[in-house]
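# Sequence first, predicted model second:
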Amino acid sequence: MHARLRLRDLLWLLAALAAIALASLRLDEAARGMQGLAATREARIVTRCAPTPPISGDRDHLLRVVTNLLSNALKHSPPGGTVTLAARTVAEGVEVTVEDEGPGIPAEEAHLLFRPFSRLEGRDGAPSGTGLGLAISRAIVEQHGGRIWVERASPRGARFVLVLPGVPDEPAESHRQVA
Ligand SMILES: Nc1ncnc2c1ncn2[C@@H]1O[C@H](COP(=O)(O)OP(=O)(O)O)[C@@H](O)[C@H]1O
Ligand SMILES: [Mg+2]
């Protein structure tokens, strides 16, 4: 007897094989990798990562996005500042946020920063960079069917938010066909 997979089952199987658990351990890994930069900035990284469902995608690329955001947050943090890395489950999938206590980003410039070579002008002592990190991050997040944006944090600072879709549920048994 042969089991015949329908296209829908096959797609689910492929997604499941590529599924990665964006568990707190992985994000902690990203945070650990940035401890050196945190120390030179006299800032600290706090992680608040709830267990989240698996998402599908390229783990190294997604960790690169989180590392980029952490590096920006630390570079713009005041001495003694806290950078918070958080993950939680939302309706669309998994939400990851990186928040700092720096100068923040004016709302009217927020969308421009995701363009290549875009950097905020006129800030004394602004950290150097290429202006590519956020453009690359957006490309990676969109490749994964997700969204990334920046908001104002409270009471001050920037909060970068990314939402990645979760792996679709396994097709119900009734949809399976056995030939
Ligand atoms: N956490 C942040 N707080 C304030 N400004 C930020 C933050 N992250 C990014 N920016 C602004 O966005 C610009 C683009 O960031 P990015 O694309 O990572 O390039 P780079 O870090 O190389 O300058 C930065 O130059 C900076 O002006
Ligand atoms: Mg950067």
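Received it, and whenever you're ready, just let me know what you need. Ligands and ions are numbered 1, 2, ... in the order given.
# Which residue is the nearest non-sequential neighbour of Leu69?
Val98 (4.0 Å; CB to CB, 6 or more residues apart in numbering). For glycine as for every other residue, the C-beta is placed from the backbone atoms N, C-alpha and C.
# is ligand 1 contacted by the host helix or strand of that neighbour?
Under the criterion of DSSP states H and E, Val98 resides in strand 93-99. No. Counting by CB under 6 Å from any ligand atom, ligand 1 has no neighbours in strand 93-99; the shortest distance is 7.7 Å.
# Show residues contacting the helix or strand following that strand.
Counting by DSSP H and E, the element after strand 93-99 in chain order, helix or strand, is helix 133-143. Identification of contacts with helix 133-143 by CB atoms under 8 Å, 6 or more residues apart in numbering yields 57-58, 61-62, 64-65, 68-69, 71-72, 113-118, 147-148, 162, 164.
# go with 10 Å
The set of residues external to helix 133-143 that reach it, using CB atoms under 10 Å, 6 or more residues apart in numbering, is 57-58, 60-62, 64-69, 71-72, 75, 96, 112-119, 130, 146-150, 160, 162-164.
# how far is that helix from where the chain is centred?
10 Å (CA atoms, centre = their mean, to the nearest Å).
# quick one: is that helix near ligand 2?
Yes. Against ligand 2, helix 133-143 shows contacts by CB under 5 Å from the ion at Gly133.
# For the remainder of this discussion, apply numbering that starts at 303.
Renumbered: residue one is now 303, and that last one reads helix 435-445.
# which element follows that helix toward the C-terminus?
strand 449-454.
# how far away is the residue in the chain that ligand 2 sits nearest to from His363?
Residue nearest to ligand 2 within the chain: Gly435 (3.1 Å; CB to the ion). Plainly put, Gly435 is 13 Å away from His363 if you go by CB to CB, to the nearest Å.
# so whichever strand or helix holds Thr386 versus strand 395-401, what angle?
Using DSSP H and E, Thr386 falls within strand 384-392. Interaxial angle of strand 384-392 relative to strand 395-401 (axes from the mean of the first three to the mean of the last three CA atoms, to 10 degrees): 170 degrees.
# Now do the buried residues in strand 384-392.
Neighbour-count burial for strand 384-392 flags 384-389 (criterion: 16 or more other CB atoms under 10 Å).
# And that strand, what does it pack against?
helix 326-335, helix 337-342, strand 346-351, helix 361-377, strand 395-401, strand 460-467 (3 or more CB pairs under 10 Å, 6 or more residues apart in numbering; DSSP states H and E).
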